[in-house]
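Participant: Give the three-dimensional model of this entry:
(chains A, B, C and D)
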2 protein chains.
Amino acid sequence: MGVTIHDVARAAGVSVASASRALSGRRKVTPEIAERVARAAGELGYQPNAVAKALRDQTTGTIGMVVPGIGNPFFTTIVEAVERELQNSGTDLLLCSSQYSPEIEARRLETLLARRVDGLIISPCDIEASVPAVLDAARRVPLVQLDRHIEGGGADWVGVDDEAGLALAVDHVIAGGARSVVFAGSRLVSSSARLRLSGFERAAARTGVEVLPPLLGEFTLEWGVEAGRMLLDAGRLPDAVVCANDEIAVGLVRSLRFGGKRVPGDVAVVGFDDVGHATMCDPPLSTVRQPVEEMAAEAVRLLGQVKAGDPRPAQRIAIAPRLVVRQTSRPVAAGVAD
Amino acid sequence: MGVTIHDVARAAGVSVASASRALSGRRKVTPEIAERVARAAGELGYQPNAVAKALRDQTTGTIGMVVPGIGNPFFTTIVEAVERELQNSGTDLLLCSSQYSPEIEARRLETLLARRVDGLIISPCDIEASVPAVLDAARRVPLVQLDRHIEGGGADWVGVDDEAGLALAVDHVIAGGARSVVFAGSRLVSSSARLRLSGFERAAARTGVEVLPPLLGEFTLEWGVEAGRMLLDAGRLPDAVVCANDEIAVGLVRSLRFGGKRVPGDVAVVGFDDVGHATMCDPPLSTVRQPVEEMAAEAVRLLGQVKAGDPRPAQRIAIAPRLVVRQTSRPVAAGVAD
DNA sequence: GTGAAAGCGCTAACAG
DNA sequence: CTGTTAGCGCTTTCAC
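Facilitator: Numbers count the residues shown, from 1 in each chain, chains lettered A, B, ... in the order given. Model (predicted):
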């Protein structure tokens, strides 16, 4: 390490200013100088020091992204989408996981801010506990929330329209003949958990079918398995279960089938997300697909417009999801016996 | 943004040097100054600028990590393990995905180097095409390869002992009564793909059982499904199939069962990795567990010892894996009929 | 069109 | 123990 622009300038027999200009191409230099500088840089293996440039320019060309967990396929999918979106913008992504802990989240935000990222995309792990750190960060740098968000209107947000998504799922199973439904979701620590439950409840209430008490645990396959077991133990199965994400749904289907029930024969199951788990399921999972690419594109676009500590009211952009009907929710008559 | 140490110093009525010393605590100051500086910093919301510090110190407190893909659960698991390992060392991780492309990989390495990371942990996507970029990076900064590696001995490496792992799997299925075996793996673009195939072949040859031609595709569930279909179509099933990773194995089990075969009744299946997919499988997958935590710890430890462009011979640390027997490889006699 | 020099924010000599 | 100052590598005025 260690060949600087001074070395290049000296080797080319010009001033550092000229070397800088030649290298960046942002200002005119004689072709001859351009040529000499280019060759010198090549021969010495010059590589500009991004740290020095960042200090000088007061901009790092990086944005930070914080997600609750990198083990959850939904978050890795959305991270990849953001990465693709940033691909050719010359902006790099600094990725951090909060490991579902508001404390770690706050620490990660601090170090990202200390490293002077130009912006922040975050999916806050906790709707309440994440508030101070997110608001504080938003005051210092452009910030947009993606997927999850904190309560109150303190920061911009892009995500899926959970309400609409759950309505899609509920209406679908009811159209398939379900007379009783239950929701299998997560404890209400995140905005997603809350909005999906309330979306479910509202949609179900509208139709007037019987609604069993919701099963609330984690966004995991393990919890899905357990929720299935609870349903089995309860002795009476609803006609349909609507899940807060695909992992729960996959676990649920597995444990229902293990318990001797047919899906969709005895009970219809619908997931949420559609990020890969769904087709892995056996039988393939009906689910509500989040428009991940659009969400990522919208988040990046919005980030470009947000200003730090902007006093204008925060925007909330909810993108409509789409129902994807596969096998777990086929009406019995039409369905392949599982 | 923008309260600097000068502002703090002025507010506290001391010099920047004293402010710096008080803040860092690395040198003695009078309690009174310490107190005044601390209060000023608190009131102004001072946050040190890591960019300036990095330029000054010629060290950033970050290490870069490049993995082939963040969608693959094995890589996210190992990333999390490295993160945990770095947790309290004050070192931050800059994570990048090469998306299985040597070109993108080279670009990511460039920007990581430009950002002056203090070290690099990489799982090179291609055993041949990744060579120049990895070697070049290793010349500039301490680097260790984790899991995958490039050919030749140009850079240190920590990973699992593939040879031993495959021997474990092969011996296990043969002990269970298998008289014919086949390997389902990936095309030979990565070291893992090559070593697992050769490990399989060596172990199988040693035992003298019949070995069918290997099935080589991708490290994905989809390829596993297809490989299963190919086996089915071939008309004659081997007694056991040993897979290069769990995703392939899960897909294979699914398609074998879909084709009316019993696992493990008609054919035993063993995976590789054991990072979560295995227990999701139905029936639970027998597999070879990679000691991910140890690998991560060892990689971080080794990185601390490596020097850039060190002329000493590169180290290769292969950690022994462990066989985890679940349901897909139970001997027929003992097995639960699937 | 080119070069000299200032300055981004910080820390570590170096004097006092 | 404290303050002044140089300098990390870069870009961009500001003069010429």
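
Participant: For residue A:286, give its distance to residue A:329.
Facilitator: Here residue A:286 is placed at a distance of 4 Å from residue A:329 (CB to CB, to the nearest Å). Where you see a C-beta, it was placed from the backbone N, CA and C, and this is true even at glycine.

Participant: How many neighbouring residues does residue A:308 have?
Facilitator: 14 (other CB atoms under 10 Å in any protein chain shown).

Participant: tell me the contacts of it?
Facilitator: For residue A:308, the contact set (CB atoms under 8 Å, 6 or more residues apart in numbering or on different chains) comprises A:138, A:139, A:140, A:141, A:142, A:143, B:1.

Participant: and the second one, that's in a strand?
Facilitator: No - checked against DSSP: H, G, I helix; E, B strand; the rest coil, residue A:139 lies outside a strand; its state is helix.

Participant: wait, it sits on residue A:311?
Facilitator: No - Residue A:139 lies out of contact with residue A:311 (CB atoms under 8 Å); the separation is 10.6 Å.

Participant: The two - which one has more neighbours?
Facilitator: Per other CB under 10 Å, whichever of residue A:139 and residue A:311 has more neighbours is residue A:139, with 15 against 5.

Participant: The nearest residue to the more buried one once chain neighbours are set aside: what's it in contact with?
Facilitator: Leaving aside its sequence neighbours, residue A:139 sits nearest to residue A:309 (CB to CB, 6 or more residues apart in numbering or on different chains; 4.6 Å). Residues in contact with residue A:309 (CB under 8 Å, 6+ apart) are A:138, A:139, A:140.

Participant: Distance to residue A:114 added to these, as CSV?
Facilitator: Putting those into CSV (distance: CB to CB, whole Å) gives the following:
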residue, distance to residue A:114
A:138, 16
A:139, 15
A:140, 11
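
Participant: among the helices and strands of chain A, which has the poorest mean pLDDT?
Facilitator: helix A:277-280 (a mean of 74; mean pLDDT, DSSP states H and E).

Participant: what packs against it?
Facilitator: Counting contacts by 3 or more CB pairs under 8 Å, 6 or more residues apart in numbering or on different chains; DSSP states H and E, helix A:277-280 packs against helix A:246-258.

Participant: again, only this time at 10 Å
Facilitator: When contacts are defined as 3 or more CB pairs under 10 Å, 6 or more residues apart in numbering or on different chains; DSSP states H and E, helix A:277-280 packs onto helix A:73-86, helix A:246-258, strand A:287-289, helix B:221-233, helix B:246-258, helix B:277-280.

Participant: Out of those, which is closest to residue B:96?
Facilitator: Closest approach to residue B:96 among the helices and strands packed on helix A:277-280 (CB to CB): helix A:73-86, 8.8 Å.

Participant: count of residues packed around residue A:78?
Facilitator: 26.

Participant: Sorry, slip of the keys, the one I care about is residue A:28.
Facilitator: 10.

Participant: Could you do residue A:182 as well?
Facilitator: 24.

Participant: Make sure it is indeed in a strand.
Facilitator: Yes - according to three-state DSSP, residue A:182 belongs to a strand.

Participant: That one: what's it in contact with?
Facilitator: By CB atoms under 10 Å, 6 or more residues apart in numbering or on different chains, residue A:182 lies in contact with A:200, A:204, A:210-215, A:227, A:230-231, A:234, A:237-243, A:267.

Participant: and with 6 Å instead?
Facilitator: Taking CB atoms under 6 Å, 6 or more residues apart in numbering or on different chains as the criterion, residue A:182 is in contact with A:212, A:238, A:241.

Participant: Which one (most neighbours) among those residues?
Facilitator: Neighbour tally across these (other CB under 10 Å): the maximum, 32 neighbours, falls on residue A:241.

Participant: Please look at that one and residue A:269 and confirm they touch.
Facilitator: Yes - the criterion here is CB atoms under 6 Å, and residue A:241 meets it with residue A:269 at 5.4 Å.

Participant: Just the buried subset of the contacts of residue A:308, please.
Facilitator: Neighbour counting over the contacts of residue A:308 (16 or more other CB atoms under 10 Å in any protein chain shown) leaves A:138, A:140, A:141, A:142, A:143 as the buried ones.

Participant: of all these, which comes closest to chain B?
Facilitator: Nearest to chain B out of the buried ones among the contacts of residue A:308 is residue A:140 (CB to the nearest CB; 5.4 Å).

Participant: While we're on that closest one, how confident is the model there?
Facilitator: In this model, residue A:140 is scored at 94, pLDDT.

Participant: so how far is residue A:287 from it?
Facilitator: Taking CB to CB as the measure, residue A:140 falls 38 Å from residue A:287.

Participant: Check the gap between residue A:105 and DNA strand C for me.
Facilitator: 23 Å (CB to the nearest atom of the strand, to the nearest Å).

Participant: isn't there a helix covering that residue?
Facilitator: Yes - Residue A:105 sits within a helix when classified using three-state DSSP.

Participant: which residues touch it?
Facilitator: Residue A:105 makes contact with A:98, A:125, according to CB under 6 Å, 6+ apart.

Participant: so what pLDDT did it get?
Facilitator: The model reports residue A:105 with a pLDDT of 97.

Participant: Distance check, residue A:160 against residue A:248.
Facilitator: Taken as CB to CB, the span from residue A:160 to residue A:248 is 16 Å.

Participant: Which of the two has more residues huddled nearby?
Facilitator: With neighbours defined as other CB under 10 Å, residue A:160 and residue A:248 compare such that residue A:248 has more, 32 against 24.
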